[in-house]
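# Sequence below, structure please.
(chains A and B)
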Number of protein chains: 2
Amino acid sequence: VTRIVCQQLAPRVGDLDGNRIRSTRAVSEAVDLGADVVVLPELVTSGYVFESQAEAAALAIDPSDELFGEWAAQAARGSAIVVGGFCELAEGGRLYNSVAVVDGSGVLGVYRKTHLWDREKLFFEPGHEPPPVFDTPYGRLGVLVCFDVEFPEMPRLLALAGAEVIVVPTNWPLTRRPANEPVPGVIVAMAAAYVNRVFVACCDRTGKERGQEWEAATTIVDPGGRVIARQNGEGATLADVDLELARDKALTDLSDALGDRRPDLYRTLADVPPGSGP
Amino acid sequence: VTRIVCQQLAPRVGDLDGNRIRSTRAVSEAVDLGADVVVLPELVTSGYVFESQAEAAALAIDPSDELFGEWAAQAARGSAIVVGGFCELAEGGRLYNSVAVVDGSGVLGVYRKTHLWDREKLFFEPGHEPPPVFDTPYGRLGVLVCFDVEFPEMPRLLALAGAEVIVVPTNWPLTRRPANEPVPGVIVAMAAAYVNRVFVACCDRTGKERGQEWEAATTIVDPGGRVIARQNGEGATLADVDLELARDKALTDLSDALGDRRPDLYRTLADVPPGSGP
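Residues are numbered from 1 along each chain as shown, chains lettered A, B, ... in the order given. Now for the predicted structure:
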């Protein structure tokens, strides 16, 4: 059994030091809860609502930053894996909306968000690599960031690459809708889990930031598309999952969620429109 | 405004004549309700739970069958488009789980289900063509059949081809689950509508057939992923929709549901595994 703990925090934009302390404390608490996999929100180190590219740049860090050493030190206490978002400073001063995957030894890898949402395009470069799958002692972890999951191609790519659980650091902006309507991101996560027979763990955030509110809808979904844990306030959302369930793609003796795909019919999906850049 | 009417019927397996009468009456009633687009269940002409390939073959018809003439005559009374499933007899005695799109002039086209569910594989040949989009006076209609919609590639292909509404004749077998859990097919339809900004109209069936029960969960979803009409019994599910909403893929000034795709990253989706047939 793998214990997944999502930590729904309230990062503060601009407060690098405070966010370092808050996120490290959240990792520590998750490890105390016995977490094997700890998921933190998108951009948990920097906050989200930047006023300018200059502000984002001032909050950007690289994977050698001491913050990841602090996450790693906490992870080491419990042999946990930590997945959390950060504002990445890269070659040439380029900024990415990235996620670091960290274990007790340090940073295992970084994924740079490929589908940037709205004003993120003003601050960040989009990632140019497909989403990665990390082979960990707790199973095969795929990584996406927030808006990525609304492109069903993305969880599908991860499932085809063998991901058993897809972890999704997010910052879901609050949408106006009738009280009985579900959070769109949760519907999309449920469908992604169901059609790919994988676990999906979305870690959202709380805390109004420059007027922006959030869904605060951290949700863990099983391969049947069922919500097995959810959270509306601050703190830990915990699920004990059997990743073996995500290895079996059989739906019946004759049907298979991935095996019944018809890639011969899907060519258009990879067609790059003429005139669009790489 | 386009009026969509789904007619959730109870076809009876083996009762070709009765199913012809029932389905034609359903089209007639939908036209009386002012339907522009009428959706009928999967395999409405034959029933679903075949005992053998021979039984399916005995219930198969081709697009020149008089049944489609009867649907067309009713469609003509209201200039409606009718989309309904049938057991298709094709060249060489091959059988397909097909859908006919019919207007007052007759059969406009046929789509052969490409993702066969479970025992359908014992009776039917899978279709070898991508799902079609029909340009009608009421907008661009994409067609899928039941299990097809659980492959997110399929609604995506239709949205990329310009579909504004995806109509899905289905026979959703009843699944056992806690009473408060949603129908998996509905979750998948909601996500498909939301991520593609299209309407999705799934027409399910009722009536126990050889012990098999059905979800009877006919549902129409808008491009925001909201359920705008649903049905749990027999009869008409009606929605008046503005297809203009499905033409606009903008999510914000800077984000676009289709324009933000990254086809350069999606190549794997069209990779046919080595050794698999066409």
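
# so what's the closest residue to residue A:101 other than its chain neighbours scoring on pLDDT?
The shortest distance from residue A:101 to any non-neighbouring residue, by Cβ to Cβ, 6 or more residues apart in numbering or on different chains, is to residue A:108 (4.7 Å). All C-beta atoms are positioned from the backbone trio N, CA, C, and that covers glycine. Listed pLDDT for residue A:108 reads 98.

# Quickly find the element holding residue A:108.
strand A:106-112 (DSSP states H and E).

# How far away from the center of its chain is that strand?
12 Å (Cα atoms, centre = their mean, to the nearest Å).

# on contacts alone, who are the packing partners of that strand?
Under the contact definition 3 or more Cβ pairs under 8 Å, 6 or more residues apart in numbering or on different chains; DSSP states H and E, strand A:106-112 sits against helix A:66-78, strand A:81-89, strand A:95-103.

# Report the buried residues of the longest one.
Read that as helix A:66-78. A:67-68, A:70-72, A:74-75, A:78 (16 or more other Cβ atoms under 10 Å in any protein chain shown).

# now stretch A:95-110
In stretch A:95-110, counting by 16+ other Cβ under 10 Å, buried: A:95-104, A:106-108, A:110.

# In CSV, list the helices and strands packed on strand A:106-112 along with distance to residue A:205 and mean pLDDT.
Listed next are these as CSV, based on distance: least, Cβ to Cβ, whole Å; pLDDT from 0 to 100:
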stretch, distance to residue A:205, mean pLDDT
helix A:66-78, 17, 98
strand A:81-89, 9, 98
strand A:95-103, 14, 98
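
# what's around residue A:180, how many residues?
Counted by other Cβ atoms under 10 Å in any protein chain shown, the residues lying close to residue A:180 total 5.

# and residue A:223, what pLDDT?
Value for residue A:223, per-residue pLDDT: 97.

# cool, residue A:176 as well?
On the pLDDT scale, residue A:176 gets 87.

# that older thread, what distance do you get for the residue nearest to residue A:101 to residue A:137?
12 Å (Cβ to Cβ, to the nearest Å).

# what does residue A:53 give?
39 Å.

# the more surrounded of these two?
Counting neighbours by other Cβ under 10 Å for residue A:53 and for residue A:137 shows that residue A:53 has the greater number, 13 against 10.

# Next, work out how far apart that one and residue A:121 are.
11 Å.

# Same question for residue A:174.
From residue A:174 to residue A:121 the distance is 21 Å (Cβ to Cβ).

# Residue A:177 too?
25 Å.

# now residue A:95
Distance from residue A:95 to residue A:121, by Cβ to Cβ: 11 Å.

# Following the chain past the lengthiest helix in chain A, name the next helix or strand.
Counting residues, the longest helix found in chain A (DSSP state H) is helix A:16-32. Sequence-wise, the next helix or strand downstream of helix A:16-32 (DSSP H and E) is strand A:37-39.

# what's the next secondary structure element after that following strand?
Criterion used, DSSP H and E; the element after strand A:37-39 is helix A:53-58.

# How about that following helix and chain B, touching?
No - on the criterion Cβ under 8 Å from any Cβ of the partner chain, helix A:53-58 is out of touch with chain B, staying 14.2 Å away.

# buried set for that helix?
A:55-56.

# pLDDT (mean, whole number) over the longest helix of chain A?
98.

# Buried ones in it, by neighbour count?
Under the neighbour-count rule (16+ other Cβ under 10 Å), helix A:16-32 has A:16, A:19-20, A:22-24, A:26-31 buried.

# That helix to strand A:81-89, inter-axis angle?
170 degrees (axes from the mean of the first three to the mean of the last three Cα atoms, to 10 degrees).

# What distance do you get for the residue nearest the centre of chain A to residue A:253?
What sits nearest the mean C-alpha location of chain A, by Cα atoms, centre = their mean, is residue A:168, with 1.9 Å. Plainly put, residue A:168 is 32 Å away from residue A:253 if you go by Cβ to Cβ.

# quick one: contacts for residue A:129?
If a contact means Cβ atoms under 8 Å, 6 or more residues apart in numbering or on different chains, then residue A:129 has A:111-112, A:114, B:265 as its contacts.

# Kindly report the same for residue A:112.
Residue A:112 touches A:88, A:96-98, A:125-129, counting by Cβ under 8 Å, 6+ apart.

# Point out the residues in the stretch 101-250 of chain A that sit beside chain B.
Counting by Cβ under 8 Å from any Cβ, the stretch 101-250 of chain A sits next to chain B at A:114-119, A:121-122, A:126, A:129-130, A:147, A:150-153, A:156-157, A:160-161, A:177, A:181, A:184, A:187-188, A:190-192, A:194-195, A:224-226.

# Which ones among the residues you listed lie within strands?
Judged by DSSP state E, those include no members of strands.

# Now, of these, which are buried?
A:114-117, A:126, A:130, A:147, A:150-153, A:156-157, A:160, A:184, A:187-188, A:190-192, A:194-195, A:225-226.
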